[in-house]
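1. Let's see this in three dimensions:
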Amino acid sequence: MTLKLRIDQGAAEAPFEQVRAQISAQAHSGALPVGYKLPTVRGLAETLSLAANTVAKAYKALEADGVIETRGRNGTFVAAAGGAAEQKAAEAAAAYAAQARRLGLDQEAALAAVKDAVRAAYS
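-> Just a heads-up that it's a prediction; the model follows:
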């Protein structure tokens, strides 16, 4: 298994977001198995002809999402599938539900807002 990334310089998405989204999708689909060692920031930046800061920003976002984990000098690896990402999503959902209730939204309106937001994020 190998990491396969393609950066479209003409795309509306910033290069760091393209890197983040592609690694995330490959990790969640199983194309990159748990424990797969990712290239170094500098190595991947060279391969993709990107600035090291661009790749570092993508890695930082992926780590915050629980998709990857850095093990010090040992490198960066695909994290256990699900775990942290689902937990963070559940925490965000609970915070949203509490906020929607405080705002006086009924359950139907709160769910409609979520569906609209998810639809927009995935389109």
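2. Quick check: what element follows the lowest-mean-pLDDT helix or strand in the chain along the chain?
-> Least confident helix or strand, the chain: helix 83-102 with a mean of 80, by mean pLDDT, DSSP states H and E. Going down the chain from helix 83-102, the next helix or strand is helix 107-121, by DSSP states H and E.
3. mind saving the C-alpha coords of the least confident helix or strand of the chain as CSV?
-> Extracted in CSV, the C-alpha atoms of helix 83-102 (Å, rounded to 0.1, in the frame of the first residue of the first chain):
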residue,chain,number,x,y,z
GLY,A,83,-11.5,6.2,17.5
ALA,A,84,-10.6,9.8,18.0
ALA,A,85,-12.3,11.1,14.9
GLU,A,86,-15.7,9.7,15.9
GLN,A,87,-15.2,10.8,19.4
LYS,A,88,-14.5,14.4,18.4
ALA,A,89,-17.5,14.3,16.0
ALA,A,90,-19.8,13.1,18.8
GLU,A,91,-18.5,15.9,21.1
ALA,A,92,-19.2,18.5,18.4
ALA,A,93,-22.6,17.1,17.8
ALA,A,94,-23.4,17.2,21.5
ALA,A,95,-22.2,20.8,21.7
TYR,A,96,-24.3,21.7,18.7
ALA,A,97,-27.4,20.0,20.1
ALA,A,98,-27.1,21.9,23.4
GLN,A,99,-26.6,25.2,21.5
ALA,A,100,-29.6,24.6,19.3
ARG,A,101,-31.8,23.9,22.3
ARG,A,102,-30.6,27.1,24.0
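4. Give me the helices and strands touching that helix, please.
-> Helices and strands touching helix 83-102, as assessed by 3 or more C-beta pairs under 8 Å, 6 or more residues apart in numbering; DSSP states H and E, comprise helix 107-121. The way it works is simple: take the backbone N, C-alpha and C, and place the C-beta from them, glycine included.
5. From the contact counts, what lies against the helix it packs on?
-> Applying 3+ C-beta pairs under 8 Å, 6+ apart, one finds that helix 107-121 contacts helix 83-102.
6. who touches the helix it packs on?
-> Outside helix 83-102, the residues within contact range by C-beta atoms under 8 Å, 6 or more residues apart in numbering are 28, 65, 66, 67, 109, 110, 113, 114.
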